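Trainee: My questions are about this predicted structure, shown below with the sequence.
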Amino acid sequence: MKKIMFNDTVNLTQAVIGGRKTQTRRGEKWLETIDGWKKLGYTEMKTRGQYLELHDPITKEFIRHIMPYQVGEIVAVAQSYYNITSLISHYGEVFMEHNITLASAGYNNKMFVKSDLMPYRIEITEVWVERLQGISDEDCLKEGITYLDDFDKFYFERKGRSEGFYFTTPREAFASLIDKVSGKGTWNSNPFVWRYEFKIINNEL
């Protein structure tokens, strides 16, 4: 089983677990070539099984690329073993069974955890490719942006947030969020990204 990591500096893991985040947009080197293929006439995109296909509607030729995650795939939400232990007491027994200790690589670093031991998974329900700035206001909220009714403002959680760090539109909030997650200037560069929609499910371990 694959695993997927969400940025903890802006509390996206908790947003996924809490059901507030049901989409994620992720770049990939291969997506940078799509503009070039479109100029050659491959103007239609389709998802077929585990592949994204770019079609030339005139010649009927197509280029096929495997998608990192496919519709229906179950993916583990990576969390450090420390975080799991502090939240779910019975994992102490599970860790003993799998010989996981304080010295284990994944105890404080979720990059090294075992997918099967993660208490939360997501099921991919939709995959598509789009320009980053093609996101709708509705999808900004699905990315974890929150609307504060009392202030009529939008925001996202961030450790060390300064007071008054809010936005007037969901797109402004998401633009700031994606620059925090993927690097400054990501929003303005408007790259092609994979858009994944998903639902959270529990691991009955």
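Mentor: Cool, the structure landed.
Trainee: mind listing what Leu54 touches?
Mentor: When contacts are counted by C-beta atoms under 8 Å, 6 or more residues apart in numbering, Leu54 touches Ile34, Trp37, Lys38, Tyr42, Thr43, Glu44, Met45, Phe62, Ile63, His65. All C-beta atoms are positioned from the backbone trio N, CA, C, and that covers glycine.
Trainee: Name the helix or strand for it, please.
Mentor: Here Leu54, judged by DSSP states H and E, is contained in strand 51-55.
Trainee: same deal with Gly72?
Mentor: Take DSSP H and E as the rule and Gly72 turns out to sit in neither a helix nor a strand.
Trainee: What is the neighbour count of it?
Mentor: Number of residues near Gly72 (other C-beta atoms under 10 Å) recorded here: 10.
Trainee: could you dump the contacts of Leu54 to JSON lines with secondary structure, pLDDT and distance to Phe198?
Mentor: Conversion of the contacts of Leu54 to JSON lines gives the following (DSSP: H, G, I helix; E, B strand; the rest coil; pLDDT from 0 to 100; distance: C-beta to C-beta, whole Å):
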{"residue": "Ile34", "secondary structure": "helix", "pLDDT": "95", "distance to Phe198": "23"}
{"residue": "Trp37", "secondary structure": "helix", "pLDDT": "94", "distance to Phe198": "27"}
{"residue": "Lys38", "secondary structure": "helix", "pLDDT": "93", "distance to Phe198": "27"}
{"residue": "Tyr42", "secondary structure": "coil", "pLDDT": "95", "distance to Phe198": "28"}
{"residue": "Thr43", "secondary structure": "coil", "pLDDT": "93", "distance to Phe198": "28"}
{"residue": "Glu44", "secondary structure": "strand", "pLDDT": "93", "distance to Phe198": "25"}
{"residue": "Met45", "secondary structure": "strand", "pLDDT": "93", "distance to Phe198": "20"}
{"residue": "Phe62", "secondary structure": "strand", "pLDDT": "95", "distance to Phe198": "27"}
{"residue": "Ile63", "secondary structure": "strand", "pLDDT": "95", "distance to Phe198": "26"}
{"residue": "His65", "secondary structure": "strand", "pLDDT": "95", "distance to Phe198": "20"}
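Trainee: With neighbour count and distance to Gln23 added, can I get those residues in TSV?
Mentor: Shown next, in TSV, are these (neighbours: other C-beta atoms under 10 Å; distance: C-beta to C-beta, whole Å):
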residue	neighbour count	distance to Gln23
Ile34	19	20
Trp37	16	25
Lys38	14	24
Tyr42	19	26
Thr43	13	25
Glu44	12	23
Met45	17	18
Phe62	17	27
Ile63	15	26
His65	17	21
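Trainee: Between which two of those residues is the distance greatest?
Mentor: Greatest spacing in the contacts of Leu54, by C-beta to C-beta: Thr43 and His65 (15.7 Å).
Trainee: and His78, how many neighbours?
Mentor: Let me fix one detail, which is that residue 78 is Ala and not His. 23.
Trainee: Just confirm it contacts Met5, I think it does.
Mentor: Yes. Shown here, Ala78 and Met5 form a contact pair, counting by C-beta atoms under 8 Å, at 4.6 Å.
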